[in-house]
Structures are given as C-alpha cells and as structure tokens.
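*Asks:* Give me coordinates for this.
(one chain, ligands or ions: 3)
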Amino acid sequence: MVVNTLGDKNSLFNQFIAEIRDINIQKDPLRFRRNLERVGEIFAYEISKELDFSESSIQTPLGESLTNLPSCEIVVASILRAGLPLHTGLLNYFDRSENAFISAYRKYSDDGEFKINFEYISSPSVDGKVVILADPMLATGSSMELAYNAMLTKGTPKHVHIVAVIGSEEGVEYIKNKLPNENITIWMGAVDKDLNSKSYIVPGCGDAGDLAYGAKLG
Ligand SMILES: O=P(O)(O)OC[C@H]1O[C@H](OP(=O)(O)OP(=O)(O)O)[C@H](O)[C@@H]1O
Ligand SMILES: O=c1cc[nH]c(=O)[nH]1
Ligand SMILES: [Mg+2]
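*Replies:* Ligands and ions are numbered 1, 2, ... in the order given. Reported below is the predicted structural model:
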C-alpha cells in the first residue's frame, strides 16, 4: 500500500498544517475550518494526478481544444464530524463528484476507555468508482477501518484513496495491516510519532472536531 506524505516535501501546504497545529491560531475556529478546507483542496489536486484521464474535445468560441480530463466517477466520503471541512475542500476541486457521509465517533465510558460508535452511512453506490475517504485525524486507525468497511456495504470501488491530515505512525501501520494491500492509496499531511494514553496524536493538533465545531457532550 503506497503512503504519500505531502508534508515531507517543502511547500505552502506545510504552512496550513502548521496553522492547524498552532494552539494560538486554533483560537479562531473559522480559520481552523478554512485551513482544513485548503488542505483538502491540495489533497484533491495531488490525487487528481493519479486518476485515469481521457482526451476530450472542448469547443471554444474560436475552435476546438483537445484536453485530457479525468474520466473516472468519484465519490468523496468523509467521517463526521471533523471530516466536514476537509470534505468541503476536496469537493471544491472534485466539484462534480458524488458524496458519502459516515457517522463514527469515539464513545467514552466512565473509566476513560472508548469504543467507536457507528450510526449510519449515507452513500451512493461505490461500484467501480474511485472513493476518496477522508478524516483529518488518523490516531489508532479504528474509525477509518470502520468507515472503509461501512463503505464496502455500498459496492466494490475501483480504488480507494484514504486521506488524513495528521496521523500517527501506529495508525498508518494499523491501516496497512488491516486493509487490503491492493487498490488503496494513503495520503497523509503529516505522520507524528506518538499517541498519548487517551489515544490522541502527539504532537498532533488536539481534538479536530471540537476545534472546528466546539465541545460536545459525552
Ligand atoms: O483513529 P481513531 O483512533 O479512530 O481516531 C480518529 C477519529 O477521532 C476523531 O473523531 P471523534 O471521535 O473525535 O469525533 P468528532 O469528529 O465528532 O469530534 C477523528 O476525526 C477521527 O474520526
Ligand atoms: O489526536 C486526535 C485523535 C483523535 N481525534 C482527534 O481529533 N485528535
Ligand atoms: Mg473529536
């Protein structure tokens, strides 16, 4: 399974990741969401280079232009809630794609342990399509695994691009071990070394859902 980490190469992308991590800049939730969106736009552009293209004829006012355009059907799928701004960014570029939403979140018990609660998936058929499955955080990798398996109930995709803005080494390894090697590409913004005792990524950025949308009960 190929893992592409965009932050490994110097570009403006790193400025957006740095702002997503920065405890002071995080005080502005509008900017936090917009930075996730901007990162989603860059992921979309990079993923587009891997798609199948075919030649199309475009009629201009003065003649005909032959242009290679993406020829596959795309479904942008994301995990609620932190996935929403990233979803918007991907959709800004893949603007004609279909969309899927998966509800999966950490449900904590009193002893501090959590399990991933899955409630629903809202999705078109993914049969033969390219699925871009996005979540800003890949910590243990359990939410992504669950989302991937939920998506398979909607058909057999041609290829799945898994997108995460910040991940842990453990989470990336987990996905590589649990999901099939074929027809999956992982796209990371940055991969951090550690998870803390609550399975938060360190240094990470904190709780992406709360930073984007505020604290939630439970
Ligand atoms: O890799 P994992 O260990 O599964 O953790 C990552 C998940 O945790 C966060 O969601 P969270 O449960 O906080 O829900 P939220 O988006 O509603 O805040 C994040 O957006 C991922 O979905
Ligand atoms: O570091 C983490 C882990 C899970 N969810 C987050 O939002 N951040
Ligand atoms: Mg959260």
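*Asks:* ok now do Ser143, which residues does it touch?
*Replies:* Residues in contact with Ser143 (Cβ atoms under 8 Å, 6 or more residues apart in numbering) are Ile79, Ala104, Tyr105, Arg106, Ile116, Asp135. The way it works is simple: take the backbone N, C-alpha and C, and place the C-beta from them, glycine included.
*Asks:* for Ala190, same thing?
*Replies:* Taking Cβ under 8 Å, 6+ apart, we find Ala190 in contact with Thr5, Gly7, Ile17, Val165, Ile166, Gly167.
*Asks:* Just give the number of residues close to the last one.
*Replies:* Summarising burial for Gly167: neighbours were counted as other Cβ atoms under 10 Å, giving 29.
*Asks:* Quick check: which ranges of the chain have low pLDDT?
*Replies:* 218 (pLDDT under 70).
*Asks:* Write out the residues of it neighbouring ligand 1.
*Replies:* Contact residues, the chain versus ligand 1 (Cβ under 6 Å from any ligand atom): 79, 81-82, 105-106, 116, 135-143, 171, 199, 207-209.
*Asks:* now do 8 Å
*Replies:* Neighbours of ligand 1 within the chain, by Cβ under 8 Å from any ligand atom: 79-83, 104-106, 114, 116, 135-147, 168, 171, 199, 207-210, 212-213, 216.
*Asks:* Regarding whichever residue of the chain sits closest to ligand 1, what is its secondary structure?
*Replies:* Ligand 1 sits closest to Gly209 of the chain, with a gap of 2.0 Å, by Cβ to the nearest ligand atom. Assigned with DSSP: H, G, I helix; E, B strand; the rest coil, Gly209 falls in the helix class.
*Asks:* and it, how many neighbours does it have?
*Replies:* 21.
*Asks:* same check, this time on Asp28
*Replies:* 13.
*Asks:* Make 660 the starting number, not 1.
*Replies:* OK, 660 is where the count begins now, so the last one is Asp687.
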